[in-house]
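[1] Below: sequence and its predicted model.
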Amino acid sequence: MKFFRKYFFYLIAVSFLTLPLTSAAQDQEAIEKELTEFLKAFGKDYVNVPTTKNTESVLKYFARDAKSNLFIFGISGRARVQNSDRDGFEAFLKTIIRSSGIQLGYDIGDIHFTNTSEEIATLAYAVNYEIKEDDGIWVKGNETVTMALEKRKEGWKIVHYTILQIEDEKLKGSCLCELFTAEGPEAEVVTKTTIPSGQSYSTKFDNFEFRKSGEDQVVRVGEQTFKRMKSGEVLHLGEEEETSLGVSSSKRETVLTILRDHLYKDSCASLRTKGG
């Protein structure tokens, strides 16, 4: 009888000793599950931004004072570093919203928790991403993301994140144009435009010939013809119709308008210039 009494008290003592460990493990599991759902919801709202046009649906996951570090390895093989914040991410979202026909992909892989408590958490995960239009992919690749989160009165908020991004393919993005301009109203302009073309960049050379036509100006680029009206409007003269490309106030702006809005509109989301 004494043996069974001692054994009974031993079991009770062991139960009390292991109870805190079991409770702590359960609490951590609950927090990790909560954060996993948090990330899934973030990913879902992010990819829906082109449809909802609502930046706040994504920004709500970030603290007002959130900071970020981005390390981007482009298809050119060069790396660039970008330090940003919540406002910078909002500006990126607005660019996506303004672009017509954009679709986002954000496929989150395994989530690895490095620290969790009731108030703070750090985690890391891999993601396959892409930005594409109806007629093709802008860019796609993979990212390794680390995040620090805090539990605030309104819920979990991202306070800092680091992204290591590696581009696999890029067909539309920022282009660089160098202009070589001779003097005179009818002088030719030669351009060298660097554009993304899949897994590398390609360089295109174009020669712009300017000729007066009454009060207007005709511009020839290879086999294509454009016209800059007296009003400044730039037109593409097709075989059956004229298409307005915009308004320019100078020869330089006319060249850039033709490059950006016609010749390389499928490759250049933006056009940076050098020279000219």
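    Yes, it's here. Numbering: from 1, shown residues only.

[2] the helices in the stretch 151-276 of the chain, which residues?
    With DSSP state H, counting those that start in this stretch as the criterion, the stretch 151-276 of the chain has helices at 251-258.

[3] Please enumerate the strands of it.
    Assigned by DSSP state E, counting those that start in this stretch, the stretch 151-276 of the chain shows strands spanning 155-170, 173-181, 189-196, 201-213, 216-221, 224-228, 233-237, 242-247, 268-275.

[4] hey, which of these is tucked in deepest?
    By mean neighbour count, with neighbours taken as mean count of other Cβ atoms under 10 Å, strand 189-196 ranks first of those at a mean of 20. Yep, even glycine has a C-beta here, placed from its N, CA and C like the rest.

[5] Please name the strands paired to it in the sheet, noting orientation.
    Take DSSP bridges as the rule and strand 189-196 pairs in its sheet with strand 173-181 (antiparallel), strand 201-213 (antiparallel).

[6] Now render the strands of the stretch 151-276 of the chain as JSON lines, adding mean pLDDT and distance to E90.
    As requested, the strands of the stretch 151-276 of the chain are exported to JSON lines (pLDDT from 0 to 100; distance: least, Cβ to Cβ, whole Å):
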{"stretch": "strand 155-170", "mean pLDDT": "91", "distance to E90": "13"}
{"stretch": "strand 173-181", "mean pLDDT": "85", "distance to E90": "19"}
{"stretch": "strand 189-196", "mean pLDDT": "89", "distance to E90": "25"}
{"stretch": "strand 201-213", "mean pLDDT": "89", "distance to E90": "29"}
{"stretch": "strand 216-221", "mean pLDDT": "92", "distance to E90": "38"}
{"stretch": "strand 224-228", "mean pLDDT": "93", "distance to E90": "37"}
{"stretch": "strand 233-237", "mean pLDDT": "91", "distance to E90": "32"}
{"stretch": "strand 242-247", "mean pLDDT": "90", "distance to E90": "27"}
{"stretch": "strand 268-275", "mean pLDDT": "80", "distance to E90": "18"}
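
[7] Save these as JSON lines, and put in distance to S57 too.
    Output for the strands of the stretch 151-276 of the chain, formatted as JSON lines (distance: least, Cβ to Cβ, whole Å):
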{"stretch": "strand 155-170", "distance to S57": "14"}
{"stretch": "strand 173-181", "distance to S57": "25"}
{"stretch": "strand 189-196", "distance to S57": "29"}
{"stretch": "strand 201-213", "distance to S57": "34"}
{"stretch": "strand 216-221", "distance to S57": "43"}
{"stretch": "strand 224-228", "distance to S57": "41"}
{"stretch": "strand 233-237", "distance to S57": "38"}
{"stretch": "strand 242-247", "distance to S57": "32"}
{"stretch": "strand 268-275", "distance to S57": "23"}
